[in-house]
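Asks: whatever this is, show me its structure:
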Amino acid sequence: MISLINVKNKINYLTLERKMKAKLLTSEEVRDKLIDRRLSYVADKCGLTYMSLSRIRKNNGNPSLATLEKLSEYFDENK
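Replies: Numbers count the residues shown, from 1 in each chain. Okay, the predicted model is just below:
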């Protein structure tokens, strides 16, 4: 049986993805894309800190939804 919370979360995710210009990347996808990037440059362009991107790349902690949104849009524009 599917819980109401799971359905609501899926609807919220789909609504968020429609509002965004880009597909929302998972933390694993972001990690993979950060491997060959200069973190200071990406941080500056996204309005994030170098340390937050460094933690994501090293797999220390999970990025917030807002961080994933910013990085998803950045990677969509800078493939």
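
Asks: report the next helix or strand after the helix or strand of the chain with the lowest mean pLDDT in sequence order.
Replies: Sorting the helices and strands of the chain by mean pLDDT, DSSP states H and E puts helix 4-19 at the bottom, at a mean of 58. Moving toward the C-terminus from helix 4-19, the next helix or strand (DSSP states H and E) is helix 27-34.

Asks: can you give me the buried ones in that following helix?
Replies: 30, 31, 33, 34 (16 or more other Cβ atoms under 10 Å). For the C-beta atoms, the positions are set from N, CA and C on the backbone; glycine is no exception.

Asks: ok, stretch 65-75 next?
Replies: 67, 68, 69, 70, 71, 72, 73, 74, 75.

Asks: ok, and the closest non-adjacent residue to the fourth one?
Replies: Counting by Cβ to Cβ, 6 or more residues apart in numbering, residue 70 lies nearest to residue 46, which is 4.4 Å off, once chain neighbours are set aside.

Asks: ditto for residue 56
Replies: In space, and not counting its chain neighbours, residue 56 is closest to residue 63: 5.2 Å by Cβ to Cβ, 6+ apart.

Asks: how close does the residue most central in space within the chain get to residue 62?
Replies: Geometric centre of the chain, nearest residue: residue 68, 1.8 Å, by Cα atoms, centre = their mean. As defined by Cβ to Cβ, to the nearest Å, residue 68 lies at a distance of 9 Å from residue 62.

Asks: shared neighbours, these two?
Replies: Among the neighbours of residue 68, those also in contact with residue 62 (Cβ atoms under 8 Å, 6 or more residues apart in numbering) are residue 27.

Asks: what helix or strand is the residue nearest to the centre of the chain on?
Replies: Counting by DSSP H and E, residue 68 is found in helix 65-77.
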